[in-house]
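Engineer: Sequence unavailable; structure follows:
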DNA sequence: ACCTGAACACCGTTCAAGT
DNA sequence: ACCTGAACACCGTTCAAGT
């Protein structure tokens, strides 16, 4: 439905614009956002772009290159950390931006596993983050530790969030359905946590992000001033 | 090669054993471990089991059920946390076990994103972890925070590790190749970190896991005693 | 009850042909 | 230079038929 609408409204505009690598990648992200990574095929992408499947091969060598490309576009959407001397707030800001971007492209996090061909935006992003730590006085080894920890947390949280069977808003209904499916006495702690926490009004799994992020930043701050 | 060997040595034994859901799932994990998730097809799995593709449908409804099933088998391989009153060491032990299991099945972490149908082993595992926190005196909300944080870190680290273009041992050669491909002056901090840290003899990315894990456990310990 | 051959509607990709 | 139709070797899955 949304897919068709986009094709209908844009088709006359897009028709005259010649296909380009950039337009191809943006189209791929639109398709993946709408229907998940499984719905992104050379044929579905071609249709989104108003072109035949074989035309795509004039702008990319194969589908692998598309996947590498859209990951790099996703990275380019994450705000670079500011050169603020306050590394903690720069890192906090950047972590929140990253989580937001990964939340808008739920297919992206799991795709990073198989991509070993980082693009320009990806490398520049990594460089900027490490730079903030180094300028704040972290040793090289400590910057590596900090970066590994922070990004593991961000990606892992995004992965968990993407895996939730509900969108944070409609949690209650679904949690209740899951709870009903398994015997409460077999998983007592899970049942307790679900009823007393997840099913409480106003619960939003997304809020858990800040807790972990601040705990990690606190720990890094302590190690740095102690060092 | 390894695939063929397994088929050759086991085919006579496996032939007489009737196909079962259990044997099917174990076979699927063998195939995915050997060639990645992309190599796991109904046809390749059937061949591994010495059977025709259509026979599989007698034991599972479809491929989705296989994916749900192997994720649950992977969860069952992770050691449950001991009922040790020392929650910190129980959690540390369990985190290391989880990371090891995910490292042996690199395809598993990214698969968790799309699985919204947790099996028995998965639920029991979650229940046991939450139980350790509750028994150690964590509030329900605090147990939820702690679990979300720890698992985000574990999954995220496993995802990063799976995405490395090298296995930890052969890091130097590959890192050098990557470094050569991009201009050092464009990514100065990345270059510095690579040459002065990653390329040092004895570097193993896997060692970063302990740093983050201990920082997180320290933070949780402090919050708990303060509370 | 368990297995299977043939067939269907899909994939990514190649190749030779069109403008 | 850019696009494409037909074809190839694959997918997951259905259905009717075998033992």
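Structural biologist: Received the coordinates, thanks. Since the model is a prediction, treat every value here as computed from it, not as a measurement.

Engineer: Which residue, other than its chain neighbours, is closest to the spatially most central residue of chain A?
Structural biologist: Among the residues of chain A, the one closest to the centroid is residue A:102, at 1.5 Å (CA atoms, centre = their mean). Nearest residue to residue A:102 in three dimensions, chain neighbours excluded: residue A:158, at 3.7 Å (CB to CB, 6 or more residues apart in numbering or on different chains). Yep, even glycine has a C-beta here, placed from its N, CA and C like the rest.

Engineer: Show me where chain A has its helices.
Structural biologist: A:2-16, A:21-35, A:42-48, A:63-77, A:87-104, A:106-111, A:120-135, A:140-163, A:171-181, A:188-193, A:208-226 (DSSP state H).

Engineer: Save these as JSON lines, and put in distance to DNA strand C and mean pLDDT too.
Structural biologist: Shown next, in JSON lines, are those (distance: least, CB to the nearest atom of the strand, whole Å; pLDDT from 0 to 100):
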{"stretch": "helix A:2-16", "distance to DNA strand C": "13", "mean pLDDT": "38"}
{"stretch": "helix A:21-35", "distance to DNA strand C": "10", "mean pLDDT": "96"}
{"stretch": "helix A:42-48", "distance to DNA strand C": "4", "mean pLDDT": "95"}
{"stretch": "helix A:63-77", "distance to DNA strand C": "4", "mean pLDDT": "97"}
{"stretch": "helix A:87-104", "distance to DNA strand C": "22", "mean pLDDT": "97"}
{"stretch": "helix A:106-111", "distance to DNA strand C": "14", "mean pLDDT": "94"}
{"stretch": "helix A:120-135", "distance to DNA strand C": "21", "mean pLDDT": "96"}
{"stretch": "helix A:140-163", "distance to DNA strand C": "21", "mean pLDDT": "96"}
{"stretch": "helix A:171-181", "distance to DNA strand C": "25", "mean pLDDT": "68"}
{"stretch": "helix A:188-193", "distance to DNA strand C": "33", "mean pLDDT": "94"}
{"stretch": "helix A:208-226", "distance to DNA strand C": "33", "mean pLDDT": "93"}
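
Engineer: So which of those helices is nearest residue B:47?
Structural biologist: Taking CB to CB, helix A:63-77 is the member of these nearest to residue B:47, at 24.6 Å.

Engineer: centre of the chain versus the closest one, how much separation?
Structural biologist: Relative to its parent chain, helix A:63-77 has a centroid offset of 12 Å by CA atoms, centre = their mean, to the nearest Å.

Engineer: ditto for stretch A:200-216
Structural biologist: 17 Å.

Engineer: do stretch A:193-210 as well
Structural biologist: In terms of CA atoms, centre = their mean, the centre of stretch A:193-210 is set 21 Å apart from its chain centre.

Engineer: touching chain B at all, that stretch?
Structural biologist: Yes. Judged by CB under 8 Å from any CB of the partner chain, stretch A:193-210 comes into contact with chain B at A:193, A:196-198, A:205, A:208.

Engineer: Stretch A:216-227 too?
Structural biologist: Yes. Stretch A:216-227 reaches chain B (CB under 8 Å from any CB) through A:216, A:218-220, A:223.

Engineer: Pull the most distant pair out of those.
Structural biologist: Greatest spatial distance among those (CB to CB): A:216 and A:223, at 10.8 Å.

Engineer: Please say which of those two ends up with more neighbours.
Structural biologist: For residue A:216 versus residue A:223, neighbours defined as other CB atoms under 10 Å in any protein chain shown are more numerous around residue A:216 (25 against 16).
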